[in-house]
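Asker: Kindly generate the corresponding structure for this input.
(one chain, ligands or ions: 1)
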Amino acid sequence: MSEAILSVEHLTMRFGGLIAVNDLSFEARRGEITAVIGPNGAGKTTVFNCITGFYKPSQGRITMRHPDGRTHLLERLPDFRISQEAKVARTFQNIRLFSGMTVLENLLVAQHNPLMSASGWSIGGILGLPSYGRAERRAIEKAAYWLDKCGLTDRADDPAGDLSYGPQRALEIARAMCTDPELLCLDEPAAGLNPRESLVLNDLLRFIRKEHGTSLLLIEHDMSVVMEISDHVVVLDYGIKISDGTPSQVREDPKVIAAYLGVDDSEVEKVEAEVGL
Ligand SMILES: Nc1ncnc2c1ncn2[C@@H]1O[C@H](COP(=O)(O)OP(=O)(O)OP(=O)(O)O)[C@@H](O)[C@H]1O
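Answerer: Below you'll find the predicted structure:
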C-alpha cells in the first residue's frame, strides 16, 4: 500500500452553533483516487474548503507529504501557498473560469507564477529576454498538451464562456493540471455531465493518475464515477465519518445504505428488501 500523501486528523469546522465537520480523520494515499461521498449537507465541500485554505478549521491538522519528505501543514497556510508550495490544486462545484478569456488564456493564467518569476517580475518580459521567451513557450506547450488531453484543442481561441457545461468542466481540470499539482481536489467533477461525458471524465481522471502520478481527491454524487474509478472511499453523514474503505466495502456497509436511504441502521434490511437491493 502506498504512503499517505494527505492526512486529515481530527478535523472540526464549526459555523456558529453548527458543526459542519466533526472530528474527521482519514488519509488519501499517493497515486490513488480517493472519493469523499455523503448525502447533501454532509460536510464534503467544507472538508475541501479546509484542505485548500478557503476555510481555517476550528480544530485539527491537515498534513500534505511530498515524495522528497517535505511536509506542509495546510491549516497553517494561506490558500495561495497551498497551491504554489504544497502543490494542491482544486476545481469548484460551481465552475469558476475566466469566461471572457479564451480557453487557451485560461490555461496561461494558471501558469502566471512561473511566468512572472521567469520574467524577473516584468522587467525580463518587457525587455524580451530569451529566458522569458523560453518560459513562455513552455507555458504554451503545456497548455496545448492539456487542451489535447481534454479534447479542447479546436476550441482554444473561443471564449471559455461559450463552451457548454461538459467542456467547461474539462477546462477547469486542464487549468488545475497546468499548475503541476501533486494532489488534485475535484468538487463534483461529474455534476451536470451526461452519461457519455461521465465516461470521458473517468478516462481523463485515470489518465491523470496513471501518466502523471497525480493523486486525486474527489467529492462526487455520481456513483457510476465513484464506484468505477475510486481506489478508496470515505463516507460522511452530518459531518461525521461513517465508513471508509474500498468501493465494494462501503457499498455494502449498512451505515452507508442507511444514510443514503435516510433510515435508521436497524431498518436497513427491511428497506433494502422493499427497494429490491
Ligand atoms: N460558510 C458557511 N456558513 C455557515 N454554514 C455553512 C457554511 N458552509 C457550509 N455550511 C453548512 O455546513 C453544512 C455542510 O455543508 P457542505 O456544503 O460542506 O455539505 P456538502 O456535503 O458539500 O453538501 P452538498 O452535497 O449539498 O454540496 C451544511 O449544513 C451547510 O449549510
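
Asker: residues in contact with the spatially most central residue of the chain?
Answerer: For the chain, the residue nearest the mean C-alpha position is residue 185 (1.5 Å; C-alpha atoms, centre = their mean). Counting by C-beta atoms under 8 Å, 6 or more residues apart in numbering, residue 185 makes contact with 48, 51, 52, 88, 89, 90, 91, 216, 217, 218. C-betas here are computed from N, CA, C, even on glycine.

Asker: before we move on, which element is it in?
Answerer: Using DSSP states H and E, the element containing residue 185 is strand 183-187.

Asker: I'd like the next helix or strand past that strand.
Answerer: Following strand 183-187 toward the C-terminus (DSSP H and E): helix 195-212.

Asker: Which elements pack onto that next one?
Answerer: strand 33-37, helix 165-177, strand 215-219, helix 223-229 (3 or more C-beta pairs under 8 Å, 6 or more residues apart in numbering; DSSP states H and E).

Asker: Let's see that with 7 Å instead.
Answerer: Counting contacts by 3 or more C-beta pairs under 7 Å, 6 or more residues apart in numbering; DSSP states H and E, helix 195-212 packs against helix 165-177, strand 215-219, helix 223-229.

Asker: of all these, which lies closest to the ligand?
Answerer: For these, proximity to the ligand was assessed by C-beta to the nearest ligand atom; strand 215-219 is nearest, at 6.5 Å.

Asker: what's the closest one packed up against?
Answerer: So strand 215-219, by 3+ C-beta pairs under 7 Å, 6+ apart, packs with strand 33-37, helix 44-51, strand 183-187, helix 195-212.

Asker: Just the residues contacting the second one, thanks.
Answerer: Residues from elsewhere that reach helix 44-51 (C-beta atoms under 7 Å, 6 or more residues apart in numbering): 11, 13, 20-21, 24, 36, 38, 55, 57, 62, 74-75, 88, 90, 93, 185, 187, 219, 236.

Asker: Name the residues linked to the residue nearest to the centre of the chain by a beta bridge.
Answerer: Bridge pairing for residue 185 (DSSP bridges) gives the partners residue 90, residue 217.

Asker: how close does it sit to residue 153?
Answerer: From residue 185 across to residue 153, the span is 26 Å (C-beta to C-beta, to the nearest Å).

Asker: where does the stretch 1-150 of the chain have low pLDDT?
Answerer: Low-confidence segments of the stretch 1-150 of the chain (pLDDT under 70): 1, 93-95, 113-133, 135.

Asker: Name the residues of it found near the ligand, please.
Answerer: For the stretch 1-150 of the chain, the contact set with the ligand under C-beta under 6 Å from any ligand atom comprises 15, 18, 20, 38, 40, 41, 42, 43, 44, 45, 46.

Asker: which of those residues tops the neighbour count?
Answerer: Using other C-beta atoms under 10 Å as the neighbour test, those are led by residue 44, with 27 neighbours.

Asker: so what's the nearest residue to it once chain neighbours are set aside up against?
Answerer: Counting by C-beta to C-beta, 6 or more residues apart in numbering, the nearest residue to residue 44 once its immediate chain neighbours are dropped is residue 219, at 4.4 Å. By C-beta under 7 Å, 6+ apart, the contact list for residue 219 reads 36, 44, 45, 48, 187, 188.

Asker: Verify the contact between residue 165 and residue 194 for me.
Answerer: No. Counting by C-beta atoms under 7 Å, residue 165 does not reach residue 194; the two are 9.1 Å apart.

Asker: Quick check: pLDDT value at residue 196.
Answerer: Per-residue pLDDT puts residue 196 at 88.
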